[in-house]
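[1] build me a model from this:
(4 chains)
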2 protein chains.
Amino acid sequence: MKNNKPRTSLRASRQVNEQKILQAAEREFEAHGYGGARMQRIADLAGLPKANVHYYFPNKQDLYIAVLSGIVDLWNSAFGDIHVDDDPAAMIESYIRAKLRYSQQNARAARIFTMEMIQGAPHLHDYLTDVTNKWIEQRVAVLNAWKEQGKVGEIDPYHLIFMIWSTTQYYADYHAQIALIFEKSVLDETDFEQFANSLVDIILTGCRINKS
Amino acid sequence: MKNNKPRTSLRASRQVNEQKILQAAEREFEAHGYGGARMQRIADLAGLPKANVHYYFPNKQDLYIAVLSGIVDLWNSAFGDIHVDDDPAAMIESYIRAKLRYSQQNARAARIFTMEMIQGAPHLHDYLTDVTNKWIEQRVAVLNAWKEQGKVGEIDPYHLIFMIWSTTQYYADYHAQIALIFEKSVLDETDFEQFANSLVDIILTGCRINKS
DNA sequence: TCAAAACTTGACCAAATGGTCAGATTTATG
DNA sequence: CATAAATCTGACCATTTGGTCAAGTTTTGA
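    Just a heads-up that it's a prediction; the model follows:
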């Protein structure tokens, strides 16, 4: 077929192929879920023989976990911390926008993550307890501090966070429905800009934030 | 159980078995998605031989569509209309509460619906265009009328609806994560009461509704 | 009472699926 | 250049899967 490539080092080839496979797998898992994904289709999508896929990822579960890990790592590194002395309005707004941008740019990953959660996170149950809990406790502490300082209204920090997660996630998960409603085949940057504006507006107002 | 059945009519038996199968299928599709669902497991869950399942539902796709139809029908019949002369605050509040209650009581259905949407609604694409669009246009019209009458603030009706859908759906889809965060194995009525209160508070405030 | 219709089910089956493997080829390295 | 290590791949396989079927049993309705 195409391999006129005398210059590829073994290591480079490994990295390229693993990447091809992971991308193909992401598409396949997104479209069919773990159980419905087919190794043969992943191989075809990646443009490699199935046996070659198994050379890099011994079995389906290993491949799926590799995809999930990538998603979770990306997620964990994507959003910065917040601190008590930050400006609430600015921080909440920037978090909403960052999270929504993430939902747009990593929509596939976001969707796979939701499917995994729906099924009770069978493949990352213990991993989540640790990371998510620490993440959320830190934000809740800051939000509570803001509340005590009268910088934000009497809102429940957990539910505020859930609200941000759910709304931003929604634009990735329900993209088919939303595109249908807006009579578009794809949602672009501009659409997401609109969504972000609406979300920021309603949520900031809803939190009764005293702008400093 | 109830069927000490020398007296079961054929029709009654049909209804009972179809129901058993549909319930089992709902669990199976929820836990494994369409592609990962196994007819044998559905049969076992329903307590029937697999061949008997195929007697009522000739193939997997028919069974899946039957489950989905049930979900969509339920969804369509679950929430009443709204009218221009209704009280905005009361209507939005009652819709949020109704939708959240639905997410709790029909959590399995809600999750299957999300999975179907994530995958681009391959099994109900045309069905959705019609029903959802009509549903949403009606609400958007009313919300816009309210806006013009100054009863609600300058919010985008579509995004308000998406916000309600996403947040209420979240408590069904991400139940595993939420239960983990709250260190509970199941979320009960009381939890949902709390969620509802928070949602209603933030959203009504966020919409700057002038209470009449 | 009895034949037709509806229902039940164990035994099967063809196709698909995840995964293996041995041998070939390519790349690295002393 | 030679040998080892890494990569590639067609052919293959055991198992699983959705689905069928023919032979039964039960219910219906006249």
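
[2] how many neighbours does the residue nearest to A:Ala107 when sequence neighbours are not counted have?
    In space, and not counting its chain neighbours, A:Ala107 is closest to A:Ala172: 4.4 Å by Cβ to Cβ, 6 or more residues apart in numbering or on different chains. C-beta: built from backbone N, CA, C; applies to glycine. Applying other Cβ atoms under 10 Å in any protein chain shown, we find 23 residues neighbouring A:Ala172.

[3] for the helix or strand where A:Ala172 lies, name the packing helices and strands.
    Using DSSP states H and E, A:Ala172 sits in helix A:157-173. When contacts are defined as 3 or more Cβ pairs under 8 Å, 6 or more residues apart in numbering or on different chains; DSSP states H and E, helix A:157-173 sits against helix A:88-105, helix A:107-118, helix A:125-148, helix A:189-206, helix B:107-118, helix B:157-173, helix B:189-206.

[4] what pLDDT does the nearest residue to A:Tyr171 once chain neighbours are set aside get?
    The shortest distance from A:Tyr171 to any non-neighbouring residue, by Cβ to Cβ, 6+ apart, is to A:Ser103 (5.3 Å). We note a pLDDT of 92 for A:Ser103 in this prediction.

[5] with A:Leu68 instead?
    So A:Leu68 comes in at 93 (pLDDT).

[6] got it, and A:Ile71?
    For A:Ile71, pLDDT reads 87.

[7] hmm, A:Ala107 and it touching each other?
    No: counting by Cβ atoms under 8 Å, A:Ile71 does not reach A:Ala107; the two are 11.5 Å apart.

[8] pick out whichever of those two has more residues nearby.
    A count of neighbours by other Cβ under 10 Å puts A:Ile71 above the other of A:Ile71 and A:Ala107, at 20 against 17.

[9] compute the distance between the more buried one and chain B, please.
    In this view, A:Ile71 and chain B are 14 Å apart by Cβ to the nearest Cβ, to the nearest Å.

[10] cool, and A:Ala66?
    Distance, A:Ala66 to chain B, using Cβ to the nearest Cβ: 19 Å.

[11] helix or strand for that residue, just tell me which one.
    helix A:60-78.

[12] follow-up on the earlier one: for DNA strand D, which of the helices and strands packed on helix A:157-173 is the nearest?
    Closest of these to DNA strand D is helix B:107-118, at 15.9 Å (criterion: Cβ to the nearest atom of the strand).

[13] who are the packing partners of that closest one?
    Partner elements for helix B:107-118 (3+ Cβ pairs under 8 Å, 6+ apart): helix A:107-118, helix A:157-173, helix B:10-36, helix B:60-78, helix B:157-173.

[14] let's have those helices in CSV, adding distance to DNA strand C.
    Below are the helices and strands packed on helix B:107-118 laid out as CSV (distance: least, Cβ to the nearest atom of the strand, whole Å):
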stretch, distance to DNA strand C
helix A:107-118, 16
helix A:157-173, 24
helix B:10-36, 4
helix B:60-78, 12
helix B:157-173, 25
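
[15] how about those in a markdown table, adding distance to A:Ile203?
    Formatted as a markdown table, those follow (distance: least, Cβ to Cβ, whole Å):
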| stretch | distance to A:Ile203 |
| --- | --- |
| helix A:107-118 | 19 |
| helix A:157-173 | 7 |
| helix B:10-36 | 30 |
| helix B:60-78 | 26 |
| helix B:157-173 | 9 |
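
[16] ok, back up a step: was I right about the residue nearest to A:Ala107 contacting A:Met115?
    No: using Cβ under 8 Å as the test, A:Ala172 is too far from A:Met115 to be in contact (11.5 Å).
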